[in-house]
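1. model this:
(one chain, ligands or ions: 3)
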Amino acid sequence: MAHEVRAVVVREKDAPVGVETIIVPDPGLGEALVRVQACGVCHTDLHYRQGGISDDFPFLLGHEAAGIVEAVGDGVTDVDPGDFVVLNWRAVCGRCRACRRGRPQYCFDTANATQRMTLADGTELSPALGIGAFAEKTLVAAGQCTRVDPAAGPEVAGLLGCGVMAGLGAAINTGGVTRGDSVAVIGCGGVGDAAIAGAVLAGAATVIAVDVDDRKLRWAAEFGATHTVNSRERSPVEAVRDLTGGNGADVVIDAVGRPETYRQAFYARDLAGTVVLVGVPTPDMTIDLPLLDVFGRGGALKSSWYGDCLPSRDFPMLIDLYLKGRLDLDRFVSERIALDHVEEAFTKMHRGEVLRSVVVL
Ligand SMILES: NC(=O)c1ccc[n+]([C@@H]2O[C@H](COP(=O)([O-])OP(=O)(O)OC[C@H]3O[C@@H](n4cnc5c(N)ncnc54)[C@H](O)[C@@H]3O)[C@@H](O)[C@H]2O)c1
Ligand SMILES: [Zn+2]
Ligand SMILES: [Zn+2]
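-> Residues are numbered from 1 along each chain as shown. Ligands and ions are numbered 1, 2, ... in the order given. Model prediction:
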């Protein structure tokens, strides 16, 4: 039996998104059908709409979600109907080179549903990040469902499915932030603020927020930034050095992903410090740095996909910290919206008015 549900689809590059009826198949081997309860609007959804990720239109947007497993296909043992789950885009395979070396957070072959969801006329949809959760129901690989404590509401739990996990993990997993560190975060949207929250959780002593928007800087301070720098008003490299005894920060996180912010991150770090790129650049962007500076400054230049997270390890742990009051996930939810307000949410994101608009179904 197939399911007819309402979902947010973008048919071609730069077209406005619209709510359409789509067809979701019953789960087959290794698949799960999930009734979506909440899904955050991430900047990556907008990248999809702009054709920045691929040309496989039409896309079914939304990928930062939580919901209830409605049905599972053959061979599924890890989740059962009725389970409250966060959807992830790293369903590790257990067989690839990275998995076999004990580094499943770098899995090269993560699973998605094999069957395709379609438009009513049979046109196959490409679900964003293999999820497609601006929909009443979606079909995923069972490994994309991570069971968490249902005491956390779906609006907050779903945030771990992408941006908030990416930011927290960029600080804690990729950047290895630890007690006493100085950390600078460039770009304080949902991802950057999560990096700030992660740095605070890990015990950083100095956390410097950099953005071009004063409202974002005020919010960053609420997440625990000890200093804020508006990089339209002063050089962030000089500001970070001034605030760290002339040295630069131990870890600098670029949560924008543009050549100019990467260059700022590169020069705002301490000698032998770490740069973490978590913002996603577009294909036309290049960077030109003196190779002698790359060599001479030592340290590490890293990128962070999904905060190098392992959903089965990190999602339940972070939900536990949230429920104990040690990680403020509610603060990321700027507004709750209906499925047909995603286009407006993109506009608000563009204007910098929200951290996360969360679609509630
Ligand atoms: N690596 C991953 O796994 C992963 C996961 C999710 C999102 N992302 C990416 O992270 C980035 C941020 O996502 P988001 O949802 O927080 O976006 P957002 O639009 O909410 O936030 C971006 C922030 O950057 C600020 N900004 C823009 N230009 C700037 C500049 N030149 N200098 C300083 N600040 C600047 C904006 O004012 C805004 O506060 C996006 O590129 C997104 O695609 C990456
Ligand atoms: Zn693997
Ligand atoms: Zn995302």
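2. For the chain, what lies in contact range of ligand 1?
-> Taking Cβ under 6 Å from any ligand atom as the measure of proximity, the chain contacts ligand 1 at 42-44, 47, 162-163, 166, 186-192, 210-213, 216, 231, 255-258, 260-261, 278-280, 304-306, 349, 352. For every residue, glycine as well, the C-beta is placed using N, CA and C.
3. tell me the contacts of residue 346?
-> 17, 41, 45, 46, 49 (Cβ atoms under 8 Å, 6 or more residues apart in numbering).
4. List the ones among these that fall in strands.
-> Among these, none falls in strands (DSSP state E).
5. ok, the residues you listed vs residue 92, which is closest?
-> residue 45 (23.7 Å; Cβ to Cβ).
6. for stretch 44-57, what is the average pLDDT?
-> Averaging pLDDT along stretch 44-57 yields 92.
7. got it, and stretch 339-351?
-> Stretch 339-351 comes out at a mean pLDDT of 95.
8. Just the CA atoms from it would do, formatted as CSV, please.
-> Output in CSV follows, covering the C-alpha atoms of stretch 339-351 (Å, rounded to 0.1, in the frame of the first residue of the first chain):
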residue,chain,number,x,y,z
LEU,A,339,4.1,23.0,6.2
ASP,A,340,3.0,25.7,3.8
HIS,A,341,5.2,28.4,5.4
VAL,A,342,8.6,27.1,4.4
GLU,A,343,9.1,29.7,1.7
GLU,A,344,8.5,32.5,4.3
ALA,A,345,11.0,30.7,6.6
PHE,A,346,13.6,30.9,3.8
THR,A,347,13.0,34.7,3.6
LYS,A,348,13.3,35.1,7.3
MET,A,349,16.5,33.0,7.3
HIS,A,350,17.9,35.2,4.6
ARG,A,351,17.1,38.3,6.5
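9. Give the buried residues for that stretch.
-> 339, 341, 342, 345, 346, 348, 349 (16 or more other Cβ atoms under 10 Å).
10. Now rank the contacts of residue 346 by neighbours and give me the top one.
-> residue 41 (30 neighbours; other Cβ atoms under 10 Å).
11. Is it in contact with residue 358, as I believe?
-> Yes. The criterion here is Cβ atoms under 8 Å, and residue 41 meets it with residue 358 at 7.3 Å.
12. quick check, nearest of the buried residues of stretch 339-351 to ligand 3?
-> Closest approach to ligand 3 among the buried residues of stretch 339-351 (Cβ to the ion): residue 349, at 11.6 Å.
13. sec struct for that closest one, please.
-> helix (DSSP: H, G, I helix; E, B strand; the rest coil).
14. Now do the same contact list for it.
-> The contact partners of residue 349, taken as Cβ under 8 Å, 6+ apart, are 41, 43, 46, 189, 357.
15. Which of the residues you listed fall within helices?
-> 43, 46 (DSSP state H).
16. of the contacts of residue 349, closest to residue 63?
-> residue 41 (10.0 Å).
17. residue boundaries of the strands in the stretch 251-361 of the chain?
-> 269-277, 300-303, 333-337, 356-360 (DSSP state E, counting those that start in this stretch).
18. Could you list the residues of this protein in contact with ligand 2?
-> 93, 96, 99, 107, 109 (Cβ under 5 Å from the ion).
19. again, only this time at 8 Å
-> Residues of the chain lying near ligand 2 by Cβ under 8 Å from the ion: 92-100, 104, 107-110.
20. sec struct for the closest residue to residue 36 other than its chain neighbours, please.
-> Excluding its sequence neighbours, the residue lying closest to residue 36 (Cβ to Cβ, 6 or more residues apart in numbering) is residue 67, at 4.3 Å. Of the three states, residue 67 takes strand according to three-state DSSP.
21. per-residue confidence for residue 67?
-> In this model, residue 67 is scored at 98, pLDDT.
22. how close does it sit to residue 196?
-> 28 Å (Cβ to Cβ, to the nearest Å).
23. likewise residue 326?
-> To residue 196, residue 326 is 15 Å away according to Cβ to Cβ.
24. Could you check which of these two is surrounded by more residues?
-> Comparing residue 326 with residue 196 by other Cβ under 10 Å, the one with more neighbours is residue 196, at 30 against 12.
25. Residue 142: which of the contacts of residue 349 is nearest?
-> Distances from residue 142 to the contacts of residue 349, taken by Cβ to Cβ, are shortest for residue 41, at 25.5 Å.
26. Kindly indicate whether residue 76 is helix, strand or coil.
-> coil.
27. Ignore what I typed, I meant residue 53.
-> At residue 53 the chain is in coil, as set by three-state DSSP.
28. quick one, what contacts it?
-> Applying Cβ under 8 Å, 6+ apart to residue 53 gives the contacts 44, 47, 128.
29. What are the contacting residues of stretch 172-184?
-> Residues outside stretch 172-184 that contact it (Cβ under 8 Å, 6+ apart) are 105, 171, 195-196, 198-199, 201-210, 236, 240, 243-244, 247, 249-253, 265, 268-270, 274, 276, 278, 302-304, 307-309, 314.
30. again with stretch 210-222
-> With contacts defined as Cβ under 8 Å, 6+ apart, stretch 210-222 is touched by 184-189, 192-193, 196, 209, 225, 228-232, 236, 239-240, 264, 331, 352-353, 355.
31. What sits closest to the most centrally placed residue in the chain if chain neighbours are left out?
-> Nearest to the mean C-alpha position of the chain, by Cα atoms, centre = their mean, lies residue 163 at 2.1 Å. Closest residue to residue 163 apart from its sequence neighbours, by Cβ to Cβ, 6+ apart: residue 190 at 4.4 Å.
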